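Asks: here's my sequence, what's the structure:
(5 chains, ligands or ions: 4)
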Amino acid sequence: ATNSLAKDKIVVGMARPISGWMAVIGDSAFRPVYETWVKEVNAKGGIYVKEYGKKLPIELLIYDDKSDVGTMTRLTEKLIVQDKVDFLWPACGTAFVFAQAPIANKHGYILLTAEGGATQVKEMLRSLPYVFVGLSFSDWYQLPVFAELLGEKGAKTAYIMYVGDLFGIEYSGVAGIEFPKHGIDIVGISSVPPGAKDLSPIIKKAKASNADVFCCFGYPDQVLPATGTSIALGFNPKAWIGGPGANFGFYHTTFGPAVEGVMGFTSFSPKQSAAAKELADKLYAGKPEEIQDFWGHPLYWASLEFWKQAIEKAGTLDQKVIRDIMATQKFKTVLGPTWFENGLMAKECHTGEIGQWQKGMFEVVGPKKHATAKFVYPKPPWPKPKPKK
Amino acid sequence: MPILEGKGVTKYFGGLVAVSNVDFKVEQGEALGLIGPNGAGKTTLFNLISAALVPKPGTIRFKGENITGLKPYKICRMVVARTFQLVKVFADMPALSNVILGSYFGMSPGMSSKDAVREATELLEFVGLSAVKGTPAKDLTLANQKRLEVARALATNPELLLLDEMMAGLNPTEVGQAMELVTRIRDKGITIIMIEHVMKAIMNVCERIIVLHHGAKIAEGTPQEIVTSKKVIEVYLGEKAHAGS
Amino acid sequence: MIVTFLDIVIAGLLMGGIYALIAVGLSLQYGVARVLNISHGEFIMIGAFGTWMLYKMVGINPLITLAMCGPVLFLIGFFLHKTLFRSLLASSASADIFEAKSMLASFGLLFIIQNIAILTWGADIKSYSYLNYGVNLGGALFAANRLVTLLFAVVISTAFYLFLAFTRLGKGIRAAAQDPRTAGLMGVNINQVLALCFGFGAVMAGLAGGLLSMCYPITTTMGMEYTIIAIIVVVLGGLGSIVGSFIGGFLLGIIGSIVTYIEPGLAMVSYYVIFIVLLLAKPTGILGK
Amino acid sequence: MDITTLTSKKSLVWWVIILIIFILLAFVPLYAPGYAAILLISILMYVILTVSWVMFSGSTGYMSLAPAVFFGVGIYASAIIGGKLPFPIVVGIGGLASFCLALLVGALTLRLRGIYFAIFTFGLVMLMAHSLLFWELHVTGTRGRFVIVMGYNTIYYYLLGIFVLLLLTAYLINRSRFGLALQSIGQEEDAAAHTGVNVTMLKVTTFAISAFFMGAAGAVMATKWTYIDPFIAFNPFYSFMPVVMAIFGGMGQLFGPIIGAVILTYLEEFLITKFAELYMLIFGTILVIAILYLPDGLVGLIQKMWNRYSERKHADT
Amino acid sequence: MLEVSNIDTFYGKIQALWGVSLKIDEAEIVALVGANGAGKTTLLNTISGLLRPASGSVEFLDKRIDGLKSHAIVELGMSHIPEGRGLFADMSVRENLEMGAYTKRVWKHKQEILDKVYQLFPILKARQGQLARTLSGGEQQMVAIGRGLMSRPRLCIIDEPSSGLAPLMVDEMFSIIQGLRDQGIAIFLIEQNVQQTLEIADRAYVLENGRVTLEGESKKLLEEELIRKAYLGL
Ligand SMILES: Nc1ncnc2c1ncn2[C@@H]1O[C@H](COP(=O)(O)OP(=O)(O)OP(=O)(O)O)[C@@H](O)[C@H]1O
Ligand SMILES: Nc1ncnc2c1ncn2[C@@H]1O[C@H](COP(=O)(O)OP(=O)(O)OP(=O)(O)O)[C@@H](O)[C@H]1O
Ligand SMILES: [Mg+2]
Ligand SMILES: [Mg+2]
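Replies: Ligands and ions are numbered 1, 2, ... in the order given. Coordinates of the predicted model:
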C-alpha cells in the first residue's frame, strides 16, 4: 500500500477493545504507551522515510472490536483490504493476538504484538515470519528466574492459584516444571474460572497448606481480591506473587504500604538508567500513580522504538523489507540494544523479570544482573489488622 | 358399548379432593348434562377426560380403549374435542384461522388447505360467525369467542364434544339460539357432555344428567328425576330456580 | 487450620447476601413493572463507582455514601420509568409485547450508560481497600468488609420485604404486578406504583454496587456479570417472589462456596448446573407458584 | 393474513424480486471489492441467526436465548474436525450436532414457559462455556484451538447457500399447516394441544431445525475467526443480537428480521469504525428511539407508510 | 348521583357507543340490558375510567370524572366489578379481598368489612388462604363481588355477576344486591338473567348496537313485547 508519491502520513490501523470486557486491559496497557509515543514522534515531524524524502507523521485509525474475536478478525481484514493501512498494530489479549497473527501474516503485514502472547506462540512463530513478540515468557525467562530466586533462599513449598485461561494454565504448568528444579514442592493447586468472585476458600486452603510461596497467576480481577483476602485472613506466606495486577500502580494505591514485599512480573525500573528514568517521566509524571505498569509499558515502548528505526533504516514502507530488517538487525531502545530472535525479543534485551514492592517502589529483584534492590525473603507479614474508626 | 366410560376417577389438588371416585358412562349419540355447585369439580372432570390432567387413581375408556394418561393431542385425534370455561382462543389469529387449525390437526390430519378453508368457513357459518371471520379472536365479544371455540372443536371432527359453560353470559334469547346450536350438533350424530348452570338449557337439551358435589357424584338420572331430587334442590337448585324451570 | 464446614457456609452466606440484594431489585423491576432490566448491572456499576469516587476523591466513608447513592439512583430509576417505560407501556398492545420491548429498551440503556461511564471513568480497573481485616467468628476468620456487606444486604432486603408484605402501598405494588388494569379499579395509581418499583429496583442495585466496591475491584464494564447473576437468582427463586430471590441468592452463594472449596474450577459451572437442574425439577422456581 | 395470498399474482412479483436479489447476491464476490464480501459475510451471518431465531421464537413466543449455544457448537465442530474432513461435511456436522443438542434441550425444557425458558437457554450458553473450559483445562489439557482458514468467497457462498436453504425451509413451514400450529402455540398452548396439535413434537422439531442452521453458520464462520476458545465460541452476545435484530426489524413478516439484521449489522459496522469511542452510546440511543417510535419494528413503519400511500391513492381516484 | 351525557366511545376507528345518556340516583338499582356485543361492558368501562369517551361527559356526585384515571374514580366512591372477574391470580383470596379496600379512606376498616364479606360468602372464608388462580369459576366470581364491596362504595357497577354461578348462588347474589340497595348503595347492574334482574331493579335501560333505545321503570319494561321477545326468549 505504498506507491503514491504524494504520501503525507503513515496510517496505522488497530482493532482495539474499546467496549466490552477486554476494555479493562485495552485501556491501561498498550494504549497509554502508543498515545504518548505517537504524540512524541509526531511532535518531531514523524518517521523519516527515504523513499518519500521526508518525515511522515503517524495517523492512527482505531476501530472498536467490542471485545469479540469475530469482530476483531473482520476489522483486521477491513483495515488491510479496504483501508489499506500502511501498518497494523496489534489487538489486545492473547487469544486475540492468536487469531490476528495468521491473518496479518497471510496478507504480509507486520504484527508486533503487545498485550498477549503465550508460550504456544513460539511454535507458531516459525510459520509466521511477519509476527514479532515483545513480551517475555513464562518458561523461557520469568519463572526460571523466579524459581531460582526462591530456591536460593531455601523456599520449600508452593501453593498455586491460577485463572482458567491460556495465561493461567501456562504459568501454572511452567511452575510445575521450574519449581521442582529448585527443590520447591507444589503442595496445592487450584484453578479459578474467570468471573469467580469469592476466593476465600482457596486462600484458606493455601493458608492451611502452610506453603512458603503463594502464586496467584491471574489478572487484576483475581490478584486484587486474592491480596485483600490474604490480608484479611492473615495468610502470610514467605513469598506472594501475583500475575498482571501486582505490577500496576493501582495495586499499590489500593493496599498502600501493606503490599511491602509482594512480587510480580516486571521489565524495568526507572532506577536502572537515565533512559529508563526519562521514559518513566514521560509516561507517568503528573499522572495518577494508578496508571503505572512496570511490566508491559517499557516493552511496548521499546517495540515501537524498534519498529520506527527499522522503517527509517528500510527507507520504504514496504512490509517485506522492513520485516527482514526487524528480523535481523539490532537497534537501540530504552532497554538498550534490542533485537529479535525467531520473532521473539531476545532474552538479553530484557532488563527485568521479577519485581517486588519495596517501600512503595516496584523494584527489579531478578535476574540479579538487572536487580535494583535485594530480594527480600521472607516478605514482611501483612500489617496487623487494626480496626480503624 | 358406551362411547366413554370412567371408573373410580379421582383427582387431588394437594389435600383437596376435586373429583372423588366418580363412575360415569356416556352412550353414543346422547347429550349428557353435568351440573353441580361452584367448585364441585365439573371442570376438573373435563380436564381429566381431555387429558389436561391425569386421574389418580381411576381409568377412562373411550370406546372400550383405555385412554388414561394419553397426551391431549392424541385424545383430540381420537375424536374427543372440548371448549374451555375460561375461553382460550388464539387471540391474534383471525376467527377463520382459529377454526382452520382444528381442521388441519383434528381427526383427519393432512387435509388440503383448500378443503380446510372451506370446512372452516362452513363451520363459522354453522355457529353464526360468518360476519366476523376475519376479525382477530381477541376482538370478539365473550359470547362470540365461546362460539368460536365450538367451531374450532367441531373442526377437529369429533365424535364426542365437551362443552364447558358455553351459555354463561348469554341472555335468555341467546341461550335459546345456543340450545338450538347444540341440538344441531347432536343431530350430526355427535355425542355431547355439557356443563351448564343455565338449567333451562340442560333440561331441554340433555337426556341424562349427572350431579357432582364436593367432587363426588350425588345423583344421576333424567332431567325430571334430577329437578325433583331433594338432595339436588338442597345443594344446587334452590327452591326458586326449581319452580322457575 | 482446619477449614470447617461452618467456615464454608458462612463464606457462602457472605456471597449470597450480595446476590440476594442484587436479585431483589431485579425481581421488583421484573415482577411488578414487567421490565426484564438488562441494564440492572449498570445501576450496580453506577453505585459502585459513585462510592469509589467519593471515597477516593473526597474520602467519604463508603457506608455513608450508601445513604447518598440511594436517593440519587431512586430518582434516576423513577424518571426512567416515568418517561421511557411508561410510554412503551402505553404503546404496547399486550403485556408480552411490552415485555419484549422493555427488555430491548433496557438493552439500549445498558449501551448508553456503559458508554457514558467509560467516557467518564475510563475502562480500567478501580479498587480501594476498606475495612479489610479479619474478624473471628466461631474460630473461623472472615473479612470485616464482607460481614458488613452481608449485614446491610440482609437488613435492606428484609426491610423491603416487610414493606411489600405488610403495607398498603406494598400490597398495591403486588396487585399491580398481577393485573394492572384491575388494580387500577381498586384505586391503585398504576403509573406511580410502577415507577416507584423501578426506582426501588435501581436503589437496590445501587446499594449492592456500593457494597460490592468495598470487597471487589470494579470496572465500568462489570455490569453484565452481575445482571446475569441477578437474573439467575430471580428465576431460581421464582419470578416476582421477593422471598424466593432472597433464598435463591443465599442458595447460590452457599453452593458456590462449597463447590469452590472442593474444586474451584467448577465454581461457575456449578451455578449454572444448580440453576438448570432446579428449574427442570421445579419449572417455576423455588417459591414460584 | 389469508393463506391464499401467497399464490396470488402480487406475490409473483415478490418472487421475481427475491430471485433477482439472490442472483445479484450470487455474483457479489465477482464485482465487489474485497471488503464488501467480508461485510456481506457478517451480514449474512446475522441474517441467518436472526431468521433461524424467528423461525422458532417468533411464532411460538418461546424466547430462546440459545443461538449462541448452537452457533458455538458449530464453531467448535469446525475447530475440531475442520481440515480432517471435507468442508461441506464439516458444515453438515456442525449443523447436525446443534440439531441433536437442540432436540435434547428441547425435550428437557418442555415444561418451561415464558421467561423461564428464556433464562434457561441463556444459562445454557454460560454452562457450555464454563464446562467446556473446565473440560479442556482438566481433561484434554487443550488451550484454545486454531481453525482452518478459508477464502472469503468460499465462506460467502457457503453462507449464501445456508441462507437460501433456511429461507426455503422457513417459507415452507410458514406456508404449511405447521406454521399455523406454531402460531397457535404462541397464543394459547393448551388450546392448541386440545385441538390436536402435537405441541411437544412440533416445538422440539422446530427448535432443532432452527438450531441446525445456526450450527451450520457457526461451522462456516469459525474459519474466519482462525482461533477460538470456549469463551470466544460461546459468547452470549450472539444470543442477544438475533433477538434485538428481529424485534428491531419487526417480526410480522419474514423479511422483517432480515431487514433488521442487515440494518443493524451495517449500523454497528459503521459505528465501531467511524465512532469507535461512542459506538455504544449511539447504538443504544438509536435502539431506544427505535423502540419508542417504531412500535411494530421497521416493517411496521414500512407497512404504515404503504397503507397511507395506498389510502391516499384510493382517495384520489 | 351519576349522570352520563351523550358519550361516544371508540375502539380505534370502530365506534362502540353512540351518544349514550343515562342517570342513576341514590340507592336505586338500575339495570342495563342488551344483546351480546351491544356495548354494555364498554359503557361500564367508560364510566369507571378504563376507557375514555371521545365526546360527552360523565358526572359522579356532581364532579366531572370522564378525564380521570380509574384509581381516582374509585377514591370518589365508585366500585366497578369487572366482567371476567379480573382477580389477582397469585394472591390469596384474602389478599384479593383486602385489595378491594385499597383506598386510604377504607383501608383502616378493612378487617371489619372483610368479616362482613365473609358472612355473605362463607365459602370464601373457608378458602381464604388459597390462591385465586386455583379457585373454581364460580368461586372466583364470588371473590370478585366480595372485593367490589370492600371499598364501601356509594355506587357499585357490576358486570354480569351471575355468569357461571350455580342457580342457588344466583338467587343468593340477587338478594345480596337488594341488600346493598337497602343499605343505601346505588347499583348499576348488567345482567343476562334479564327476568330476575328486571324484577329487582327500579329502572332499566336497553342498549342496542351502542345506542340507548329504551328506558323506563323495570316493571313496565318487563311487560314490553319487544323486551320479552329479544331478551326473555318468550
Ligand atoms: N390447580 C388447582 N389447585 C388447587 N385447587 C384447585 C385447582 N383447580 C381447581 N381446584 C379446586 O378444585 C375444586 C373444583 O374445581 P372445578 O374448577 O372443577 O369446579 P367446577 O365444578 O368447574 O366449578 P364452577 O361451576 O364454579 O366452574 C374447586 O374447589 C377449586 O378451588
Ligand atoms: N378491545 C376491543 N377492540 C375492538 N373492539 C372491541 C373491543 N372490545 C369490544 N369490542 C367491540 O365492541 C362492541 C361492544 O362490546 P362490549 O364488550 O361492550 O359488549 P357487551 O354488550 O358487554 O357484550 P357481552 O354481553 O358479550 O359482554 C362489540 O362489537 C365488540 O366486538
Ligand atoms: Mg367450572
Ligand atoms: Mg360485556
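Asks: is the residue sitting furthest away from the middle of chain B in a helix, a strand, or coil?
Replies: Farthest-out residue of chain B from its mean C-alpha position, per C-alpha atoms, centre = their mean: residue B:114, at 28.4 Å. What DSSP: H, G, I helix; E, B strand; the rest coil gives for residue B:114 is helix.
Asks: which residues of the stretch 201-317 of chain D lie near chain A?
Replies: D:221, D:224-229, D:231-232, D:235, D:237, D:272-273, D:276-277, D:279-280 (C-beta under 8 Å from any C-beta of the partner chain). Quick note: C-beta positions are derived from backbone N, CA and C, even for glycine.
Asks: pull out the buried residues from those.
Replies: D:221, D:224-229, D:231-232, D:235, D:237, D:272-273, D:276, D:279-280 (16 or more other C-beta atoms under 10 Å in any protein chain shown).
Asks: nearest to chain E, of these?
Replies: The nearest member of these to chain E, counting by C-beta to the nearest C-beta, is residue D:237 at 34.1 Å.
Asks: in strands, which of the buried ones among the residues of the stretch 201-317 of chain D next to chain A appear?
Replies: Judged by DSSP state E, strands contain the following of these: D:227, D:228.
Asks: wait, which of the buried ones among the residues of the stretch 201-317 of chain D next to chain A is closest to residue E:54?
Replies: residue D:280 (43.6 Å; C-beta to C-beta).
Asks: quick one: pLDDT of residue 166?
Replies: Answering for chain A, as no chain was given. The per-residue pLDDT reported for residue A:166 equals 79.
Asks: nope, chain C
Replies: 84.
Asks: and if you look at residue D:1?
Replies: 37.
Asks: which of the residues in stretch A:334-348 are classified as buried?
Replies: Buried residues in stretch A:334-348 (16+ other C-beta under 10 Å): A:334, A:335, A:336, A:338, A:339, A:340, A:343, A:344, A:345.
Asks: closest to residue A:165 among those residues?
Replies: residue A:344 (21.4 Å).
Asks: got a list of what that closest one touches?
Replies: By C-beta atoms under 8 Å, 6 or more residues apart in numbering or on different chains, residue A:344 lies in contact with A:122, A:125, A:132, A:133, A:137, A:140.
Asks: redo those as CSV? Include neighbour count and secondary structure.
Replies: Shown next, in CSV, are the contacts of residue A:344 (neighbours: other C-beta atoms under 10 Å in any protein chain shown; DSSP: H, G, I helix; E, B strand; the rest coil):
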residue, neighbour count, secondary structure
A:122, 16, helix
A:125, 20, helix
A:132, 25, strand
A:133, 28, strand
A:137, 21, coil
A:140, 15, helix
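Asks: biggest separation within those residues, which pair?
Replies: A:132 and A:140 (15.2 Å).
Asks: neighbours of residue D:310, how many?
Replies: 10 (other C-beta atoms under 10 Å in any protein chain shown).
Asks: element containing it?
Replies: helix D:297-316 (DSSP states H and E).
Asks: same deal with residue B:145?
Replies: Going by DSSP H and E, residue B:145 is in helix B:142-155.
Asks: and the helices in the stretch 251-389 of chain A?
Replies: A:274-284, A:296-314, A:319-328 (DSSP state H, counting those that start in this stretch).
Asks: which helices and strands sit right next to the longest one?
Replies: Judged by 3 or more C-beta pairs under 8 Å, 6 or more residues apart in numbering or on different chains; DSSP states H and E, helix A:296-314 is in contact with helix A:30-43, strand A:47-49, strand A:111-113, helix A:274-284, helix A:319-328, strand A:331-333, strand A:336-338, strand A:344-345.
Asks: pull out the buried residues from the fifth one.
Replies: For helix A:319-328, burial by neighbour count (16+ other C-beta under 10 Å) applies to A:319, A:321, A:322, A:323, A:325, A:326, A:327.
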